[in-house]
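> I'll drop the sequence and a predicted model, then ask my questions.
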Amino acid sequence: MISADTTLARLLDEHPELVEVLARYHAHFAQLREPNARRIMAPRVTVAQAAAMAGVAVDALLADLRRAAGEPEGAAAGGPSVTPPARAPKPAALAALPAEALVHLDVREDIRRGAEPFARIMAAVKTLDRDRALVVRAPFEPFPLYELLGRRGLLHWTECRAPDDWSVWFYREAGGAPPGAAPARTAAAAPAVVDVRGLEPPEPMVRVLTALERLVPGQRIEILHDRRPTLLYPILDERGFEHATDEPEPGVVRIRVTRRAGAA
């Protein structure tokens, strides 16, 4: 069953024809017809994120996708929206930055060539402090970066120059967490499912390690993977996590991870 957490990579592997449904919702998704753009974008975007990018309710998009795939809809159908979400004006903190405080990174050619720009982006992020901003220029709105870099204390502001030309400014709020600071840990945080199926390295490891940083003793996350992550197990052992692996269904590996009391 297609769900809000299904990645576009998995969706289009199982139902290639659904690229035309997505393309009706937003010009972003027409680029998924191209193999290079699909390889870079599709593993990183879920159906829920695609709905947010298109400015429509996730139930509406799910209903249309399920109908086109011949699945039970489970939600009322809704027509696609052609109006993008309203964009906020540039924050004053960004407008006041001098040109020398901006780190520009253009990944449009990388994506056209089918090269993975993730490592370059993360390397640039490490150079940021509260007085600098990273400007990523891409051929589509890099929606998954919002959540990923948000966990690292970065805010963002997005500028659309053309349907295939986007600039996203990532910056730290004055007084915000310094680079590399771990997110605040609270005992009230609920157990989380981290689904990294269909993602390309290094993103599965990045997502898992980010989730582990948020765990407090007694909390648990469940990692859903395509295979047993042999490189992850020594890291879990070294950092004092308890873990158990099973395969609840063919092709799905589940790793349950708990932080032991007294572990760093």
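Great, that's in hand. Residues are numbered from 1 along each chain as shown.
> so what pLDDT did Val82 get?
Looking at Val82, its pLDDT reads 37.
> What of Glu100?
Looking at Glu100, the pLDDT reads 92.
> Quick check: Leu22 touching Gln49?
No - if you go by C-beta atoms under 8 Å, Leu22 and Gln49 don't touch, sitting 11.8 Å apart. C-beta: built from backbone N, CA, C; applies to glycine.
> higher neighbour count, the two?
Here Leu22 and Gln49 are compared on neighbour count by other C-beta atoms under 10 Å; more neighbours surround Leu22, at 28 against 19.
> Backbone torsions only: list them for the more buried one.
phi -60, psi -40 (degrees, to the nearest 10).
> Which pLDDT value goes with it?
We have a pLDDT of 92 for Leu22.
> What segments of the protein are helices?
Here the chain has its helices, by DSSP state H, at 8-14, 19-25, 27-30, 35-41, 47-54, 58-69, 92-95, 108-113, 118-125, 143-150, 203-213, 232-238.
> I'd like the ones you listed laid out as TSV, including distance to Thr258.
Output for these, formatted as TSV (distance: least, C-beta to C-beta, whole Å):
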stretch	distance to Thr258
helix 8-14	27
helix 19-25	37
helix 27-30	38
helix 35-41	34
helix 47-54	27
helix 58-69	30
helix 92-95	39
helix 108-113	38
helix 118-125	27
helix 143-150	24
helix 203-213	11
helix 232-238	10
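> So which of the ones you listed is nearest Arg161?
helix 108-113 (10.9 Å; C-beta to C-beta).
> List the beta-bridge partners for Ala162.
Counting by DSSP bridges, Ala162 is bridged to Asp165.
> no, scratch that, I was asking about Thr158
Val168.
> now do Ile255
Going by DSSP bridges, Ile255 forms beta bridges with Ile223, Thr245.
> My guess is Arg227 contacts Val252. True?
No - counting by C-beta under 8 Å, Arg227 does not reach Val252; the two are 10.0 Å apart.
> If you count surrounding residues, which of those two has more?
Applying other C-beta under 10 Å to Arg227 and Val252 shows that Val252 carries more neighbours, namely 14 against 11.
> Now do the same contact list for that one.
Val252 is in contact with 197, 224-226, counting by C-beta atoms under 8 Å, 6 or more residues apart in numbering.
> that older thread, nearest to Trp169, of the helices of the chain?
helix 92-95 (5.6 Å).
> Buried residues, that closest one. List them.
The neighbour-count check on helix 92-95 (16 or more other C-beta atoms under 10 Å) flags Ala93 as buried.
> Likewise for stretch 121-130?
For stretch 121-130, by 16+ other C-beta under 10 Å, it's 121-122, 124-125, 128, 130.
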